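Chemist: Based on what follows, work out the 3D shape:
(one chain, ligands or ions: 3)
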Amino acid sequence: MSPARYPQILDDPLRNRGTAFTAEQRRVLGLDGLLPPAIESLDEQVARSIEVFRRRPRPIDQYLYLRELQDTNLVLYYRLLVDHLEEVLPIVYTPTVGLACQRFHRIFRRPRGLTLPYTERHRLPELLGNRRQPSVDVIVVTDGERILGLGDQGSGGLGIPIGKLALYTAIGGLDPGRTLPIVLDVGTNNEERLADPGYLGWRHERIAGPEYEDFVERFVQAVETELPRAMIQWEDFASHNARPILDRYRDRICSFNDDIQGTAAVAVGALRGAIRVAGSRPRDQRIVVLGAGSAAIGVADEIRQALVDDGLGADEARRRFWVLDVDGLLTEERSDLSPEQRVYARPASEDLSAGATLADVVWAVRPTALLGLSTARDAFTEEVVRAMASHCERPIIFPLSNPTARSEADPADLERWTDGRALVATGSPYPAIQRHGGEVPVSQSNNVYVFPGVGLGVVAAQAARVTDRMLRAGSAALGALSPALRDPDAPLLPPISALRDVAAEVALGVAVAAVEDGVAPERSREDLRARIARARWSPVYPD
Ligand SMILES: NC(=O)C1=CN([C@@H]2O[C@H](COP(=O)(O)OP(=O)(O)OC[C@H]3O[C@@H](n4cnc5c(N)ncnc54)[C@H](O)[C@@H]3O)[C@@H](O)[C@H]2O)C=CC1
Ligand SMILES: CC(=O)C(=O)O
Ligand SMILES: [Mg+2]
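Modeler: Ligands and ions are numbered 1, 2, ... in the order given. Alright, predicted model coming up:
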């Protein structure tokens, strides 16, 4: 009798083990001769793979190597991510993932996830039905219009959902066979892409208005029919769509916007640590925010709530914010503000006009905290930072824009300009700061501290919605883990290497709040904790 042959197992990243197939498995599956004779353990595979990764010359080459691994052997890929998270995070995620989106069509090798073009709007259930994953816990979807701080990348934006979901698994422990990255290809207004013969997306200007809304509605209906239990994370939509989509669907399906809500949850967590180190209270803060897009307003809204929770009246809390966008300070005289922005408009009676620069505002306001979500590189100039440090003992300065090339400041400059007094957190990773002959790590205030735990909490609790209280509970869980609470010289956020533990705590906060809010079945805290532990997929070859 001829032996069974299953060579196709080598092409299935969920089941492939490559050189880790044992002699017996190779014989039974008919793999002898298809693999090099050496048999490696998973640890040996990881050691060899990280060496190959390190020898790749540029970050984009390292990104491509990891994507190849992801398409070949998921256990090995995720084990490498888990074991070397700090080293590979800047490649899988910001800043390199931004470059990968810009070059998506040049580096395209194998499909991952789904591209849903506007032209196929009548067939979305069918396209969704073509996915490889029969069951899905989490969908991350973008329309590619605001990719990090890099603007419109058209269907190349799919790189972001792919990266986010890799972290859902590596950090949150979600089963990689049950996650689905999606791009809604509604065209692009990026002239460079449209003129590029190599562009692989729909070569058309962006659909907008009712047609766009109808398309998103069709997408949501297709998900409701095909995958009614999946959570949707809205990611990297431009402001004019991000907030309306969130508001339209948050009470109808299990969904949240990572840029608005996830970013706010982590920024508030980091800010609480910084305020404590500064020896201050939330209600004592005066906050200047550069940028008035969806992320900035989402962050300001959550901080405002923290000020109210600390005893300020709603109006007083609102008056503690000065928000600037590309056209200057948000003031009542401006007619171009959305309702969410108008909350922060300064009264016309004040000295500062809409034409005030960031430096003018900082001189006049004497802020305790300066946050950047503007995509404006180096906007926190020496003048601005020195002005702030001249009146504030421990200035809180968070340049949160991504990728690195869009950051409002370099932490090493902030350290110098404030004589080491600034309390800093950045959106993208930075090398440690040199201080008194030692090294001080720079905290990365990025929604990666929150969204994997949100997904894990939602899945473990079987939550049907993502409520504000769930995100606040996740934020509080993160805030409680701030190393700065125990040692004022320590970083504001736990290290990247602790992100898996952070996700478990965030998930517990989220899950408990889901039960309390009545959007998940009744369960005790201990039961939820056990379910979170059980829900986590681990990168090991099953027996
Ligand atoms: N650290 C984190 O976890 C996160 C960081 N971000 C980053 O925040 C940035 C903004 O994201 P969104 O709010 O979604 O984008 P957005 O496009 O909605 O908003 C950008 C805002 O910045 C303003 N702006 C642009 N140039 C400016 C300038 N020169 N001076 C002052 N303001 C300027 C715009 O007027 C707009 O209000 C991006 O770089 C993004 O990567 C976003 C989400 C999470
Ligand atoms: C981190 C993130 O979600 C962003 O920069 O858009
Ligand atoms: Mg984002």
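
Chemist: When you work out contacts or count neighbours from here on, use the C-alpha atoms and nothing else.
Modeler: Will do.

Chemist: Tell me, how many residues neighbour the residue of the stretch 251-400 of the chain found nearest ligand 3?
Modeler: When distances are taken as C-alpha to the ion, the stretch 251-400 of the chain reaches nearest to ligand 3 at residue 259, 4.8 Å away. With neighbours defined by other C-alpha atoms under 10 Å, the count for residue 259 comes to 27.

Chemist: now residue 275
Modeler: 24.

Chemist: Get me the contact residues on the stretch 401-543 of the chain for ligand 1.
Modeler: Contact residues (C-alpha under 6 Å from any ligand atom) of the stretch 401-543 of the chain with ligand 1: 401, 402, 427, 445, 446, 447.

Chemist: Does residue 268 touch residue 475 like I think?
Modeler: Yes. Under the criterion of C-alpha atoms under 8 Å, residue 268 makes contact with residue 475 at 6.9 Å.

Chemist: which of these two has more neighbours?
Modeler: Legend: neighbour count by other C-alpha under 10 Å for residue 268 and residue 475, higher for residue 475 (27 against 24).

Chemist: host element of the more buried one?
Modeler: helix 468-480 (DSSP states H and E).

Chemist: In terms of secondary structure, what does the helix or strand just after that helix contact?
Modeler: Next along the chain after helix 468-480, taking DSSP H and E as the criterion, comes helix 499-516. The elements that helix 499-516 packs onto, with contact taken as 3 or more C-alpha pairs under 8 Å, 6 or more residues apart in numbering; DSSP states H and E, are helix 451-461, helix 468-480, helix 525-535.

Chemist: Go through the last one and flag the buried ones.
Modeler: So that's helix 525-535. Buried residues in helix 525-535, counted by 16 or more other C-alpha atoms under 10 Å: 528, 529, 531, 532, 535.

Chemist: If you drop the residues flanking it in sequence, what lies closest to the third one?
Modeler: In other words, residue 531. Nearest residue to residue 531 in three dimensions, chain neighbours excluded: residue 460, at 5.5 Å (C-alpha to C-alpha, 6 or more residues apart in numbering).

Chemist: and the one you found, how many neighbours does it have?
Modeler: 25.

Chemist: tell me the contacts of it?
Modeler: 511, 528, 531, 532, 535 (C-alpha atoms under 8 Å, 6 or more residues apart in numbering).

Chemist: what does the stretch 101-250 of the chain put close to ligand 3?
Modeler: Within reach of ligand 3 by C-alpha under 5 Å from the ion, the stretch 101-250 of the chain has these residues: residue 236.

Chemist: Could you rerun that using 8 Å?
Modeler: 147, 148, 160, 235, 236 (C-alpha under 8 Å from the ion).

Chemist: helix/strand/coil for the second one?
Modeler: Of the three states, residue 148 takes coil under DSSP: H, G, I helix; E, B strand; the rest coil.

Chemist: okay, now the closest residue to it other than its chain neighbours: neighbour count?
Modeler: Of all residues not flanking residue 148 in the chain, residue 402 sits nearest, at 5.5 Å (C-alpha to C-alpha, 6+ apart). Residue 402 has 26 neighbours, counted by other C-alpha under 10 Å.
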